[in-house]
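**Q** My questions concern the predicted model and sequence given below.
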Amino acid sequence: MPEFARRTRLRGGGELTAILAGSPPGVLSMTGGFPNPATFPTGELDEIAARLFREDAAVALQYTPCEGIASVRDYLVERQEQLQGRRPEPAELIVTSGGMECIAMMCQALIDPGDTIAVEEPSYLGALMAFAAAEADLVAIAMDDDGLRVDALAERLGAGLRPKFLYTIPEYQNPTGRTLSLDRRRELVELCRRHGVLIFEDVAYRELSFDGTSLPTLWSLAPDVVLQAGTFSKSFFPGVRLGWATGPAGVVAELAVVKQNTDQCAGGLGQRLVEEYGRAGGFERHLPATRALYASHWAALSAALERHMPAGAEWTEPTGGFMTWVTLPEELDTIALRPAAMEAGVAYVPGPPFHVGDAGRNTLRLSFSHLTEPELDTAVERLATVVGAALEPSPGWLA
Ligand SMILES: Cc1ncc(COP(=O)(O)O)c(C=O)c1O
């Protein structure tokens, strides 16, 4: 065997591999943040793909400019203006091969070993792994029901913390489902502007509010201090591996250079699919049904949690996205409970991997995107049985 690079020992990853591998038959899985296949617009895609093969092969099947196909970039600029009320300059936007690629590119562009990244905690596992592999020093900033605690960040910055950037997911956060309040958004951009800290805003779930409303993005409030990563994985389909980065021209230019060292360009076919679908009004036509589906799944999961979970368990109340975050009584350990849960036929992701240290032992993440509503009820019933059994006092003779 060759001697593998140091970063292979730093990045962790068992948890993500397990999520992507799926669960054994008979196990109801609430692990992955996978979109529900019922939301994939296959009929329209069929027609668009056939047309692209017939009429646009020279562009759609070819390598593309590193920053993306010009017409696709134009479309994304218009889309930013339509959805976020601010129109980026062409130099402020680049097409990416998805949100995760943007996270990796940000590390390559900005992080030397030992540099500091501030992250809200808990946070997206893929990002934490990428930051660890980049040998960053991670500083966790606490959250509450209104999202990142800006007062906690202010305290750290006041004490001299100077991160290369702050990573945050303002809407329906992965893993907690929480949303950063409007007041905090304003405070956060002001604070970071004052201290010269770049905000790395991940808007992966933003278009999936249950009621179709949304708060202003951090980038729209402060395009001078925010680099936004967006993805079509949740609102279109992840097989397309496509997203965008919008932010200060200097940062975007550096991302374009980095991209020459990764895949050089996002796939042309996916870019043209998104453009044609979007320009034909596909998102406006389909997203209401997609939102309604996830809202209904959440209603089912929420009712199941109320019905089955033992006293002492608490969970967040997302207003969009795929996830809720469950906190069990202090004495329980969700990593230790997992084999019993799998045995009972239910899978979840334990909380600790979403943390910088090993906090969160009594927490877990549930995704409600994928299972059917009756399955969600059964899955929670199984989980509640396992949790209930773990809470039962052991018989006196065992003590
Ligand atoms: C918060 C967040 N950011 C980024 C991603 C990755 O998105 P993509 O599929 O575009 O790489 C995910 C995927 O689950 C996510 O939850």
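**A** Perfect, thanks for sending it. Numbering: from 1, shown residues only.
**Q** C-alpha only now, for contacts and for neighbours.
**A** OK.
**Q** got the contact list for Leu293?
**A** Applying CA atoms under 8 Å, 6 or more residues apart in numbering to Leu293 gives no contacts.
**Q** If we use 10 Å, what do you get?
**A** If a contact means CA atoms under 10 Å, 6 or more residues apart in numbering, then Leu293 has 36, 38-39, 210, 287, 299, 369 as its contacts.
**Q** Likewise for Ala70?
**A** Neighbouring residues of Ala70 by CA under 10 Å, 6+ apart: 64, 76, 90, 95.
**Q** Check Val189 too.
**A** Contact analysis of Val189 by CA under 10 Å, 6+ apart lists 150, 195, 197-199, 218-219, 221-226.
**Q** re the thing from before, could I have the buried ones of the contacts of Ala70 as ChimeraX selection syntax?
**A** A single ChimeraX command selects the buried members of those (16 or more other CA atoms under 10 Å):
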select :64,76,95
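**Q** Out of the contacts of Ala70, the closest to the ligand would be?
**A** Checking the contacts of Ala70 against the ligand with CA to the nearest ligand atom, the nearest one is Val95 at 11.3 Å.
**Q** unless I'm mixing things up, the closest one is touching Ala266, no?
**A** Yes: with contact defined as CA atoms under 10 Å, Val95 reaches Ala266; the gap is 6.9 Å.
**Q** any residues in contact with both of those two?
**A** Common neighbours of Val95 and Ala266, using CA under 10 Å, 6+ apart, are 65-69, 242-243.
**Q** now, which of these lie within strands?
**A** Gly243 (DSSP state E).
**Q** Can you flag the buried ones in the shared contacts of Val95 and Ala266?
**A** The neighbour count (16+ other CA under 10 Å) marks 66-69, 242-243 as buried among these.
**Q** Of these, which fall within the contact range of the ligand?
**A** Filtering those for proximity to the ligand (criterion: CA under 6 Å from any ligand atom) leaves Gly243.
**Q** any chance of the buried ones among the shared contacts of Val95 and Ala266 in CSV, plus pLDDT and distance to Leu188?
**A** Output for those, formatted as CSV (pLDDT from 0 to 100; distance: CA to CA, whole Å):
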residue, pLDDT, distance to Leu188
Cys66, 96, 32
Glu67, 97, 29
Gly68, 98, 31
Ile69, 98, 34
Leu242, 98, 28
Gly243, 98, 24
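**Q** of all the buried ones among the shared contacts of Val95 and Ala266, which comes closest to Leu157?
**A** Gly243 (30.9 Å; CA to CA).
**Q** Give me the contacts around the longest strand along the chain.
**A** The strand that spans the most residues within the chain, counting by DSSP E, is strand 137-144. Strand 137-144 has contacts (CA under 10 Å, 6+ apart) with 111-123, 128, 131-132, 148-154, 156, 161, 163, 166, 176, 178-180, 316, 355-357.
**Q** 7 Å instead, please
**A** The contact list for strand 137-144 (CA atoms under 7 Å, 6 or more residues apart in numbering) reads 114-121, 148-149, 152-153, 356.
**Q** What is the subsequent helix or strand relative to it?
**A** With elements assigned by DSSP states H and E, the helix or strand that comes after strand 137-144 is strand 147-148.
**Q** what residues does that following strand touch?
**A** Residues contacting strand 147-148 (CA under 7 Å, 6+ apart): 120, 142, 178-181.
**Q** Just the strands from the stretch 101-250 of the chain, written as ranges.
**A** Ranges of strands within the stretch 101-250 of the chain are 116-121, 137-144, 147-148, 165-168, 198-202, 226-231, 243-246, based on DSSP state E, counting those that start in this stretch.
**Q** and the contacts of Ala70 as TSV, adding secondary structure, pLDDT and distance to the ligand?
**A** Listed next are those as TSV, based on DSSP: H, G, I helix; E, B strand; the rest coil; pLDDT from 0 to 100; distance: CA to the nearest ligand atom, whole Å:
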residue	secondary structure	pLDDT	distance to the ligand
Thr64	coil	97	19
Leu76	helix	98	15
Pro90	helix	96	21
Val95	strand	98	11
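**Q** Strand 116-121 and the longest strand of the chain, what's the angle between them?
**A** 30 degrees (axes from the mean of the first three to the mean of the last three CA atoms, to 10 degrees).
**Q** and the stretch 1-150 of the chain, which of its residues are near the ligand?
**A** Proximity of the stretch 1-150 of the chain to the ligand (CA under 6 Å from any ligand atom) is limited to residues 33, 98-100, 124.
**Q** Mark which of those residues are part of helices, please.
**A** 99-100 (DSSP state H).
**Q** which one of the residues of the stretch 1-150 of the chain next to the ligand is nearest Pro374?
**A** Distances from Pro374 to these, taken by CA to CA, are shortest for Gly33, at 18.8 Å.
**Q** wait, that closest one sits on Phe322?
**A** Yes: between Gly33 and Phe322 there is a contact under CA atoms under 7 Å: 6.4 Å.
**Q** what separates Asn362 from Arg178, distance-wise?
**A** Between Asn362 and Arg178 the distance is 18 Å, computed by CA to CA, to the nearest Å.
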